[in-house]
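Student: Coordinates only, no sequence provided:
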């Protein structure tokens, strides 16, 4: 029998402890969501529900209008994801593979966007969007979402494109491929692991974004999921069981997306960590 090294045992114990730390709150929220009311939660907060019920989920979905809010979030996040990945990958390709004078300066310019908090531009954005009639519209959310996602997308994709072998680009040029054919036929398929990583980060960040959605959207039929969740918290009373049920509904899409693309995400992070 092969002997397990002590350092490996320590690593396993550490990983198990970290898994419990991260999963225990989520499991507790799920248990609370099946309880009847706040009284049962206050009396026995960590016990199993006496009579599990889906009433909280039904109430959250109907009274909280989570159905239309989920659809709005899905539309905004999907369109923002497609635009940010397309524009970001093209910009990264131009910076990483094309030879021009201001390539590094352009990368620095885009990366400055990672250093500017959205709170600093919130008032100017609101004023400008008001003059253009973009307030209280999903387009007014998509534009800042795409803008905020571009710096990270460009930064990650530049690393992937720079790691591609030069021989592939040279072979495509010798065969007479245009710059668009090189991008769409050679570089983009080879950089799909980077697209998975940036895509997941963009989707999760935009799905959970609250500040911009709360400021720019006032119509209940156009509110996104995080804004709809805030309605379950009242100034004098909060029904925690219903609120936790709404939270479970809200996080299901992100969990599904991560589980579906977990292998590609790990491959992308590994590929992006090592060059050469």
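Tutor: Here it is on my side, so go on. Quick caveat, the model's predicted, so the values are computed rather than measured.
Student: contacts and neighbour counts: CA atoms only from here.
Tutor: OK.
Student: just how off-centre is the helix or strand hosting residue 227 within its chain?
Tutor: Residue 227 is part of helix 225-229 when elements are defined by DSSP states H and E. Here the centre of helix 225-229 is set off from its chain's centre by 15 Å, with Cα atoms, centre = their mean, to the nearest Å.
Student: just checking, next helix/strand downstream of that helix?
Tutor: helix 240-260.
Student: Now do that following helix, average pLDDT.
Tutor: Average pLDDT, helix 240-260: 85.
Student: Number of residues surrounding residue 22?
Tutor: 10 (other Cα atoms under 10 Å).
Student: Which positions within whichever strand or helix holds it qualify as buried?
Tutor: Here residue 22 sits within helix 6-33, counting by DSSP H and E. Within helix 6-33, the residues that qualify as buried by neighbour count (16 or more other Cα atoms under 10 Å) are 29, 30, 31, 32, 33.
Student: List the contacts of the last one.
Tutor: When contacts are counted by Cα atoms under 8 Å, 6 or more residues apart in numbering, residue 33 touches 56, 57, 241, 242, 243, 244, 245, 248.
Student: Please list only the buried members of the residues you listed.
Tutor: Buried, going by 16+ other Cα under 10 Å: 56, 57, 241, 242, 243, 244, 245, 248, out of the contacts of residue 33.
Student: re the thing from before, can you tell me which of the contacts of residue 33 is closest to residue 83?
Tutor: Using Cα to Cα, residue 248 comes nearest to residue 83 of these, at 28.2 Å.
Student: residues contacting that closest one?
Tutor: With Cα under 8 Å, 6+ apart, residue 248 has these contacts: 29, 30, 33.
Student: can you tell me which residue is nearest the centre of the protein?
Tutor: Central residue of the chain (Cα atoms, centre = their mean): residue 204, 1.7 Å from the mean position.
Student: contacting residues around it?
Tutor: So residue 204 contacts residue 254 (Cα under 8 Å, 6+ apart).
Student: can I assume it sits in a helix?
Tutor: Yes - per DSSP: H, G, I helix; E, B strand; the rest coil, residue 204 lies within a helix segment.
Student: Distance check, it against residue 243.
Tutor: Using Cα to Cα, to the nearest Å, one gets 20 Å for the distance from residue 204 to residue 243.
Student: before we move on, what about residue 188?
Tutor: Taking Cα to Cα, one finds residue 188 at 42 Å from residue 243.
Student: for the nearest residue to residue 206 once chain neighbours are set aside, helix, strand, or coil?
Tutor: Closest residue to residue 206 in three dimensions, ignoring its sequence neighbours and counting by Cα to Cα, 6 or more residues apart in numbering: residue 77, at 5.9 Å. Using three-state DSSP, the structure places residue 77 in helix.
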